[in-house]
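Enquirer: Got a predicted structure here, sequence first:
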Amino acid sequence: MKSVKIRDTIIGNGAKIAIQSMLNVPTTDTGAAIDCILRLADEGCDIIRLAVPDAAAARAMKEITAASPIPVVADIHFDYRLALACIDNGVDKIRINPGNLGGADKAAAVAKAANAAKVPIRIGINGGSLEKGLLERCGGDLALAMVESAQGHIDILNRCDFDDIVLSMKSSDVKTTIRAYRLAHERFDYPLHLGVTEAGTTESGIVKSAIGIGALLADGIGDTIRVSLTDDPIEEVKAAKLILQSLDLYGDYVNIVSCPTCGRTKIDLISIANAVRREIGNLPVKLKVAVMGCVVNGPGEAADADIGIAGGDGCAVLFCRGKVIRKIPEDKITEELVAEVLRLANGE
């Protein structure tokens, strides 16, 4: 598979899977945009995309890109000249939607400018905005039509000697999205940007994205991901990290496992588990921490945890790698478990 370099970030060909998000503030509000980018970068975002609806936004990209610690992508629709302006203003990558860019000559103009500036292009196929007549020519097969759209625009860029390409095949339907990416994986050797578009509000959007993105990643398909949510972009990055962590694709992190509780639980496990996650969830260390409601689930079933608790009647036992260490009163469970995790994280 090919790899693509976006500023100093490489995607494809076995590189770390990059997390992306998109700003939800006006690009022309450069102060707010830069502030959001800094917060997202701190949360773990690797690449950020901004909408460029007009010439003023294209001009603003110069200041934003210069201030951003992570690569900046210009999201272009309808007017290819905005892509040209963004390339002139130093953006790190261009995203174009072939279905609304205005024809092959416009895409070719963007390719030539991007080639000269060594700026990669994502061909962002969206199931809701395919070229006129393409879906009918593909017999109503939306997944196939998205792949054929990508093929046509790859050919346009390749004819301009441009090959620094990333592909995405997004639909709001999870099964269609999965099938489109599988077809693209079979046909192309370009890096794939995974996502379910218009996934919805936080809860439903995370579920759809986890299924769509996760199913592909589990089969080794995908090089960069964006979880699309109707929410603060910070929540997109948090969800993306959890998806990657669940598949052991995010490096070192604290894996907190907790039981769903039942009638045997005699401590406020839900509050304790949430408090523990708030305290240690972002630690960059490889540890498994168990928060269990009773002795049925821990330490026996959680014997592989590095550290954990199992609830009793108004108390819990603290265990380390299956061995009971001591008993803790309920009001001290969170405090003492967190302290033990930090001790292990520091190599003590």
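Expert: Great, that's in hand. Please read these numbers as outputs of a predicted model, since none were measured by experiment. Numbers count the residues shown, from 1 in each chain.
Enquirer: Quick check: Cys294 touching Ala310?
Expert: Yes. With contact defined as Cβ atoms under 8 Å, Cys294 counts as touching Ala310 (6.3 Å). Every C-beta, even on glycine, is put in place using the N, C-alpha and C of the backbone.
Enquirer: okay, the two: which has more neighbours?
Expert: Ala310 (25 against 20; other Cβ atoms under 10 Å).
Enquirer: Check the spacing between the closest residue in space to the more buried one that isn't next to it in sequence and Val291 real quick.
Expert: Closest residue to Ala310 in three dimensions, ignoring its sequence neighbours and counting by Cβ to Cβ, 6 or more residues apart in numbering: Gly298, at 3.6 Å. Computed with Cβ to Cβ, to the nearest Å, the distance linking Gly298 and Val291 is 8 Å.
Enquirer: so what sits against both of those two?
Expert: Residues touching both Gly298 and Val291 by Cβ atoms under 8 Å, 6 or more residues apart in numbering: 259, 308-309.
Enquirer: Just the buried residues out of those, in ChimeraX syntax.
Expert: Buried subset of those, written as a ChimeraX selection, criterion 16 or more other Cβ atoms under 10 Å:
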select :259,308,309
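Enquirer: right, and out of the shared contacts of Gly298 and Val291, which lies closest to Ile178?
Expert: Closest approach to Ile178 among the shared contacts of Gly298 and Val291 (Cβ to Cβ): Cys259, at 30.6 Å.
Enquirer: ok now do the closest one, which residues does it touch?
Expert: 265, 269, 291-294, 297-298.
Enquirer: List buried residues within the residues you listed.
Expert: Among those, those classed as buried by neighbour count (16+ other Cβ under 10 Å) are 265, 269, 291-294, 297-298.
Enquirer: Can you tell me which of those is nearest Ser168?
Expert: Closest to Ser168, out of all of the buried ones among the contacts of Cys259 and judged by Cβ to Cβ, is Val291, at 37.3 Å.
Enquirer: Checking my notes, the closest one in a helix, right?
Expert: No. Val291 is assigned strand when assessed by DSSP: H, G, I helix; E, B strand; the rest coil, not a helix.
Enquirer: doesn't Val257 make contact with it?
Expert: Yes. In terms of Cβ under 8 Å, Val291 counts as a neighbour of Val257; the distance is 7.3 Å.
Enquirer: gap between Leu130 and Arg95?
Expert: 16 Å.
Enquirer: Show me the helices in this structure, by range?
Expert: Taking DSSP state H to define them, one finds helices in the chain at 30-43, 55-67, 80-88, 104-117, 134-137, 142-159, 174-187, 202-218, 233-246, 269-280, 333-345.
Enquirer: Can you give me the buried ones in the third one?
Expert: Under the neighbour-count criterion of 16+ other Cβ under 10 Å, helix 80-88 has 80, 82-87 buried.
Enquirer: For Leu194, which non-adjacent residue is closest in space?
Expert: Closest residue to Leu194 apart from its sequence neighbours, by Cβ to Cβ, 6+ apart: Gly222 at 4.1 Å.
Enquirer: neighbours around the one you found, how many?
Expert: If you count neighbours by other Cβ under 10 Å, Gly222 ends up with 24.
Enquirer: Report the contact partners of it.
Expert: Counting by Cβ under 8 Å, 6+ apart, Gly222 makes contact with 17, 181, 192-194, 213, 216.
Enquirer: what about this protein, any weak spots by pLDDT?
Expert: 98 (pLDDT under 70).
Enquirer: Mind doing that once more with 90?
Expert: 1, 97-104, 107, 128-132, 198-200, 251-252, 282, 295-304, 321-323, 346-348 (pLDDT under 90).
Enquirer: how's it carved up into domains?
Expert: Following automatic domain parsing, the chain resolves into domains at 4-246, 254-345.
Enquirer: which of those domains sits most buried?
Expert: Most buried of those, by mean neighbour count (mean count of other Cβ atoms under 10 Å): domain 4-246, with a mean of 20.
Enquirer: okay, how far is it across that one, tip to tip?
Expert: 25 Å (Cα to Cα, to the nearest Å).
Enquirer: Next: stretch 211-225.
Expert: One end of stretch 211-225 sits 13 Å from the other (Cα to Cα).
Enquirer: same deal with stretch 277-289?
Expert: Where stretch 277-289 begins and where it ends lie 10 Å apart, using Cα to Cα.
Enquirer: And stretch 79-95, by the same measure?
Expert: 12 Å.
Enquirer: got a list of contacts for it?
Expert: 6-7, 47, 49, 52-55, 57-59, 61-62, 65-66, 71-76, 96, 101-102, 106-107, 109-110, 113-114, 117, 119-122, 124, 166.
Enquirer: Now find how far off-centre that stretch is within its chain.
Expert: Relative to the chain's own centre, stretch 79-95 is displaced by 23 Å; criterion: Cα atoms, centre = their mean, to the nearest Å.
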